[in-house]
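Asks: Okay, predicted coordinates and the sequence, questions at the end:
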Number of protein chains: 2
Amino acid sequence: MKAFQGELELIEQIRRAAESAGSNTGRKRAGVVLGIGDDCAILQPPRGHEVLVTTDFTLEGRHFRRDWHPAESVGHRALARGLSDLAAMGARPLAAFLSLALPKEMVATQTGRRWVQRFFTGLQTLAIEHGVPLAGGDTSESPSNLVLADIVLTGSAPARRALRRSGGRPGDCLYVTGTLGGAAAELDEMAERAAKVRSRAQRNPRTASETAEHPQLFPQPRLQVGLALLRRRFATAAIDLSDGLSTDLAHLCRESRVGAEISAAALPIHPLASRAGAARGLVLALNGGEDYELLFSAPPSVRMPRTIARVPITQVGKLMRGNQILIVDSSGNRQPLKPSGWEHFAR
Amino acid sequence: MKAFQGELELIEQIRRAAESAGSNTGRKRAGVVLGIGDDCAILQPPRGHEVLVTTDFTLEGRHFRRDWHPAESVGHRALARGLSDLAAMGARPLAAFLSLALPKEMVATQTGRRWVQRFFTGLQTLAIEHGVPLAGGDTSESPSNLVLADIVLTGSAPARRALRRSGGRPGDCLYVTGTLGGAAAELDEMAERAAKVRSRAQRNPRTASETAEHPQLFPQPRLQVGLALLRRRFATAAIDLSDGLSTDLAHLCRESRVGAEISAAALPIHPLASRAGAARGLVLALNGGEDYELLFSAPPSVRMPRTIARVPITQVGKLMRGNQILIVDSSGNRQPLKPSGWEHFAR
């Protein structure tokens, strides 16, 4: 499309971000034959590998709030969403593509440009960590006053080996990585703080080292776990927890044509979620979403390690015949678990 | 992300569109191993091929107006933009991915759903024509009252053979496909008509057979020409004319590190553009953009056919040493050709 004022500068910024991410990864960028600057990027997956593709919107007012999420978090989360999809299939990232539409005011003002710079810092920091070059995308002036992004992640996995949602079998054990409910709990805190101090709602930038403590602002995609699950042939099915356990488990069960039983007491609840009380913590863990942990099934014969790639692995239930999804409380009572992931900023 | 109300229905609509596009192509969908319904789609390019990726925004208010462009045109143009990028590199489409955010009102009302249905009809008609399966994407509620789309096209080309912008050499002849200025001329007409009859500005749906007469509403990506240029090893460099000849030629020259000379009299001007008068027609052809024709260079030794895949090929100039881009008028006067592609809906 036509160049808008400031677009060339923005493209240059993206190019620099791309080069920086590429040159600092310490890996050969064999995957990207041709990056930004032509009609298409050219990728060459490793021999015998298939190519995986996932796209995710990051729209202001839907997926983040500019007054709640620092710019670095917005950039980080945009990339993390796509990386998490690759992780869920056991894929290795090849390249990312960013389509970014910015309000005119943002490109024209110093404050606006600073925001964009910080957005790229957040995105790049995570890209460098996982060795993902930025190989292209699109830019536009936003038609509203909102920041609009769409991120595409490409990856590769050995042919016919990618972890799918559909391979689960009755009797398989169900596992999750890390802890649940933290992202939603932190968002609750952000909302409370914003309500109290409207004028100071804008958060300070975070450094990468702080990210583990900020499950909402800086979720960690579990790429190393996904790769290990594929390599060690542990998992029969896998999905990432973006919508919330209750919703994503329903996806996995539907694609695998099985039911499931989850133990409430077994769920590894994030400390931020526990702090909200046992009942609220459970709700956040089941329905909060945006934790970007992995949910996967494995045959009972697999002796699952307690950690994979230093990430705790917890059994939370098992797959069953039929199509019912039940949650068992500490007294042994079973009740249906309804898919209840929600849109945080739904109007 | 979380499902919004109506999202599941929308995803089902996309799935159906995908299946319909796939089943009607009459070709084996060997390229798509796994389509919509998992964390990622899985693609398998032909052996010895590289994978090409391009992403393009289609944002209401920037790239189209809902009161000027019929819904079928919006869907058609979204896909055409990406297909044209593949055409410019001589690639064959593998799969398309659509990220689509719709205003809440649109999903909730009959009129809105009808618009979405027609959008998909436009997209599908072109997808079927070129055998491109829709293999995934993302959906969201739009944070504004605007339709927001981002389309990703993947394709494949024999390794190291894709047509780049950078291969042009001084002395190469410059060619364009089809005619220029038609898309901008039709847009001018649409603007006039809208100004005259505000209440009847909404155009009727168009059928595929009518598309040749509507360079703005239904541009034709030149995939067959691109494939032939690659196969017959004619082109040293190529780019698609999305921004306008003046701007896109500058891109090609910069990447090839050459200058160029264009003959104004040689430009194949679309009848709609000619109708606006000789001077205006020339401006539309040089700067109008959105024609989605191809601009390519070839050594003077190549005996270029008059048509490729039934599309007229016209020599419009040649590449030169240096970095100057000049336009020669009918009296032989040379003047610099400034990149002047513009944003139609820029504020």
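Replies: In hand now; what should we look at?

Asks: Tell me where the model's unsure across chain A.
Replies: When residues are selected by pLDDT under 70, those of chain A lie in A:1-30, A:197-212, A:342-347.

Asks: how about the helices of it, start to end?
Replies: A:7-23, A:71-88, A:104-108, A:110-130, A:182-196, A:223-231, A:245-256, A:271-274, A:278-287 (DSSP state H).

Asks: can you redo those as TSV with mean neighbour count and distance to A:Pro215?
Replies: Backbone N, C-alpha and C define where each C-beta goes, glycine included. Below are the helices of chain A laid out as TSV (neighbours: other C-beta atoms under 10 Å in any protein chain shown; distance: least, C-beta to C-beta, whole Å):
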stretch	mean neighbour count	distance to A:Pro215
helix A:7-23	17	24
helix A:71-88	28	11
helix A:104-108	16	28
helix A:110-130	20	14
helix A:182-196	19	3
helix A:223-231	21	16
helix A:245-256	22	14
helix A:271-274	20	7
helix A:278-287	20	10
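
Asks: With only the CA atoms kept, save stretch A:324-337 in CSV.
Replies: Output of stretch A:324-337 as CSV, limited to C-alpha atoms (Å, rounded to 0.1, in the frame of the first residue of the first chain):
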residue,chain,number,x,y,z
GLN,A,324,-17.8,-35.2,29.2
ILE,A,325,-15.3,-32.9,30.9
LEU,A,326,-15.5,-33.0,34.7
ILE,A,327,-13.7,-31.3,37.5
VAL,A,328,-13.3,-33.3,40.8
ASP,A,329,-13.1,-31.3,44.1
SER,A,330,-11.2,-32.3,47.2
SER,A,331,-14.2,-34.2,48.5
GLY,A,332,-14.4,-36.3,45.4
ASN,A,333,-17.4,-34.5,44.0
ARG,A,334,-17.5,-34.4,40.2
GLN,A,335,-19.2,-31.6,38.2
PRO,A,336,-19.1,-30.5,34.6
LEU,A,337,-16.3,-28.1,33.7
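
Asks: For that stretch, which outside residues touch it?
Replies: A:246, A:249-250, A:253, A:259-265, A:286, A:317 (C-beta atoms under 8 Å, 6 or more residues apart in numbering or on different chains).

Asks: out of everything not next to it in sequence, what's closest to the residue nearest the centre of chain A?
Replies: Nearest to the mean C-alpha position of chain A, by C-alpha atoms, centre = their mean, lies A:Arg81 at 2.9 Å. Using C-beta to C-beta, 6 or more residues apart in numbering or on different chains and skipping the chain neighbours, the partner closest in space to A:Arg81 is A:Asp56 (4.2 Å).

Asks: Contacts only, for A:Gly167.
Replies: With C-beta under 8 Å, 6+ apart, A:Gly167 has these contacts: A:Ala235, A:Thr236, A:Ala237, A:Ser256, A:Ser297.

Asks: Please apply the same query to A:Gly168.
Replies: A:Gly168 makes contacts with A:Thr236, A:Ala237, A:Leu252, A:Cys253, A:Glu255, A:Ser256, A:Val258, A:Ser297, A:Leu319, as judged by C-beta under 8 Å, 6+ apart.

Asks: would you turn these into TSV with distance to chain B?
Replies: Putting the contacts of A:Gly168 into TSV (distance: C-beta to the nearest C-beta, whole Å) gives the following:
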residue	distance to chain B
A:Thr236	14
A:Ala237	10
A:Leu252	10
A:Cys253	13
A:Glu255	7
A:Ser256	11
A:Val258	16
A:Ser297	14
A:Leu319	17
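
Asks: returning to what we had before: what are the bridge partners for the residue nearest to A:Arg81, then?
Replies: For A:Asp56, the beta-bridge assignment (DSSP bridges) gives partners A:Ile151.

Asks: I'd say it and A:Asp85 touch.
Replies: Yes: using C-beta atoms under 8 Å, A:Asp56 is in contact with A:Asp85, at 7.2 Å.

Asks: Spit out the residues that contact these two alike.
Replies: By C-beta under 8 Å, 6+ apart, the residues touching both A:Asp56 and A:Asp85 are A:Leu153.

Asks: Surely A:Pro339 is in contact with A:Thr247?
Replies: Yes: using C-beta under 8 Å, A:Pro339 is in contact with A:Thr247, at 4.1 Å.

Asks: quick one, what contacts the closest residue to A:Arg161 other than its chain neighbours?
Replies: Once flanking residues are discounted, A:Arg161 sits nearest to A:Leu230: 5.9 Å by C-beta to C-beta, 6+ apart. Applying C-beta under 8 Å, 6+ apart to A:Leu230 gives the contacts A:Met89, A:Gly90, A:Ala91, A:Ala157, A:Pro158, A:Arg161, A:Ala162, A:Leu163.

Asks: who wins for neighbours among the residues you listed?
Replies: Comparing the contacts of A:Leu230 by number of neighbours (other C-beta atoms under 10 Å in any protein chain shown), A:Ala91 comes first, having 32 neighbours.

Asks: residues contacting the residue nearest to A:Arg81?
Replies: For A:Asp56, the contacting residues are A:Ala78, A:Arg81, A:Gly82, A:Asp85, A:Asp150, A:Ile151, A:Leu153, B:Met1, B:Ser99, B:Asp138, by C-beta under 8 Å, 6+ apart.
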